[in-house]
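> Following is a predicted model, sequence given first.
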Amino acid sequence: MLEKVKDDEVKSVRIFVTLHSVVFFKVRSVRFVIRVAVLPIQQTGEQTEKRTRKRRKKRRDWQSKMCLSVVDFLYSNDSLQRINCIFATEQRLITLKITMTNVTKYWKKAAMPLLLFYVIAVACRLVSLYVLPRLFPDSCSSIILQLCEGVGPALGAVVVMGIFKKKFFCSIAGKSWIRSLACIVFPTLLFLIFDTHHGLRTSLVFLGCTLYAFLEEVGWRGYLTEELAAMRPIKRILTITVLWFFWHLNFSFNMSGLIFFAILLLASWGLDRFAHDTRSLLLCACAHGIFNLFKHGNGILDNYLTISLLVISILSWFVIWYCPFKKKTTAP
């Protein structure tokens, strides 16, 4: 029995040793295979680390060289001149861009409405002077043709107001309906009461000249004064005078043309003051109508009575608008 036990133990020990050796050998072989397989990966990782170190070193060297070169560049005279030129060109480009944007804004906001207004006014003037007289040669339609000559500024102002949503500087009656209507009624009554021979004719001519002037003043003082409100008064008056002068299609630059330009300049100054003080188109139309009445008198200004009544009418307008009717109560 003892021999059999010993033989069994020996066999078990041998089996254990063989199993242990086989397992150990297999583990060693697996470790070896893993190391062999991982070796190129480790080598590539080391190589990439070396490459990154070299790249970083080159980058640092390049940055240091660039810093030195930039410092040298900044402290050299040529470089300062170049930098000044660069800044100057950039500033010019910025100012040019700003001016271009301002020009486009001005063109959309003011220049385009102003151009449209003036084109319509001049076109109506040309049609009323050169087209309508050939279509209606009868003398009975001459009053209508004369009124059509003044439609251009009013029509241009109404079109611009409708398209671009502009506002009128002056209204029909301005600050007072009573005073505005008195500017028309008082001269008419003067002509009818005191001028027994030519009173009716003079009053009709005055009303016709006022109506014609009202059509013009809707454009010149109603729209154009508001459009050029940003200008200084002298520039605004000169601009309106020049546009008004060429609207009459008067291109004669002789002595008569210069006198006519001076009359328009004086009238523009006076009507501009009336417009700013009263905001009344009727007052501006009455004053403008007096100028037209003196220009196209048609024989009614031959007697001194009519001239004296016109002078009284002009003085009455200053009394109506510039003399206060209510006394200011002083505080105790």
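Nice, thanks for sending it over. The structure displayed is predicted, hence computed values, not measured ones.

> Is it correct that residue 310 is in contact with residue 293?
Yes - applying CB atoms under 8 Å as the test, residue 310 and residue 293 come out as touching, 7.2 Å apart. C-beta: built from backbone N, CA, C; applies to glycine.

> Low-confidence regions, the chain specifically.
1-47, 61-110, 138-142, 296-299, 325-332 (pLDDT under 70).

> And the helices in it?
Secondary structure of the chain (DSSP state H): helices at 2-74, 77-106, 112-126, 132-135, 142-149, 151-164, 177-194, 199-217, 225-227, 233-247, 255-278, 281-295, 304-322.

> Can you list the buried residues in the third one?
With burial defined by 16 or more other CB atoms under 10 Å, the residues of helix 112-126 counted as buried are 113, 114, 117, 118, 120, 121, 122, 124, 125.

> Return the distance of the second one relative to residue 156.
In this case it means residue 114. 10 Å (CB to CB, to the nearest Å).

> Show me which residues of stretch 228-240 are buried.
228, 236, 237, 239, 240.

> I'd like those as CSV, with distance to residue 268 appended.
Output for the buried residues of stretch 228-240, formatted as CSV (distance: CB to CB, whole Å):
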residue, distance to residue 268
228, 11
236, 9
237, 5
239, 9
240, 5
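
> Of those residues, which is the nearest to residue 188?
residue 240 (28.6 Å; CB to CB).

> you'd agree the closest one is up against residue 265?
No - with contact defined as CB under 8 Å, residue 240 does not reach residue 265; the gap is 9.4 Å.

> wait, doesn't residue 126 sit right on residue 248?
No - between residue 126 and residue 248 there is no contact under CB under 8 Å: 11.5 Å.

> OK, contacts around residue 306?
Residues near residue 306 by CB atoms under 8 Å, 6 or more residues apart in numbering: 191, 195, 198, 202, 300.

> Export those to TSV and append columns for distance to residue 143 and neighbour count.
Below are those laid out as TSV (distance: CB to CB, whole Å; neighbours: other CB atoms under 10 Å):
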residue	distance to residue 143	neighbour count
191	18	24
195	21	19
198	18	17
202	16	26
300	15	21
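
> how about those in a markdown table, adding distance to residue 255?
Putting the contacts of residue 306 into a markdown table (distance: CB to CB, whole Å) gives the following:
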| residue | distance to residue 255 |
| --- | --- |
| 191 | 34 |
| 195 | 34 |
| 198 | 32 |
| 202 | 31 |
| 300 | 27 |
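
> from those, which is closest to residue 131?
Nearest member of those to residue 131, counting by CB to CB, is residue 300, at 29.7 Å.

> how far away is the closest one from residue 310?
Residue 300 is 10 Å from residue 310, by CB to CB.

> Would you mind listing the residues touching both of the two?
The contact lists of residue 300 and residue 310 share residue 293, where a contact means CB under 8 Å, 6+ apart.

> Tell me which two in the buried residues of stretch 228-240 are the farthest apart.
228 and 237, at 9.3 Å, using CB to CB across those.

> circling back: just the closest of the contacts of residue 306 to residue 170, please.
Using CB to CB, the contacts of residue 306 come closest to residue 170 at residue 191, 26.0 Å.

> Just confirm that closest one contacts residue 309, I think it does.
Yes - using CB under 8 Å, residue 191 is in contact with residue 309, at 6.0 Å.

> Overlap of the contact sets of those two?
residue 202.

> contacts for stretch 116-132?
With contact meaning CB under 8 Å, 6+ apart, stretch 116-132 is reached by 145, 148-149, 151-153, 155-157, 159-160, 163, 219, 223-224, 227, 243, 246-249.

> Just the buried ones from those residues?
Buried among the contacts of stretch 116-132 (16+ other CB under 10 Å): 148-149, 151-153, 155-157, 160, 219, 223-224, 227, 243, 247.

> Once you drop chain neighbours, what's closest to residue 167?
residue 226 (6.1 Å; CB to CB, 6 or more residues apart in numbering).

> and the gap between that neighbour and residue 282?
17 Å.

> same check, this time on residue 190
Counting by CB to CB, the gap from residue 190 to residue 282 is 17 Å.

> Looking at the two, which one has more neighbours?
residue 282 (24 against 21; other CB atoms under 10 Å).

> residue contacts, the more buried one?
172, 173, 174, 180, 181, 183, 184, 214.

> In those residues, which residue is surrounded by the most others?
residue 180 (25 neighbours).

> Residue 283 is in contact with that residue, correct?
Yes - the pair residue 180 / residue 283 is scored as a contact, 6.1 Å apart, by CB under 8 Å.

> Report the set of residues contacting both of the two.
In contact with both residue 180 and residue 283: residue 174, using CB under 8 Å, 6+ apart.
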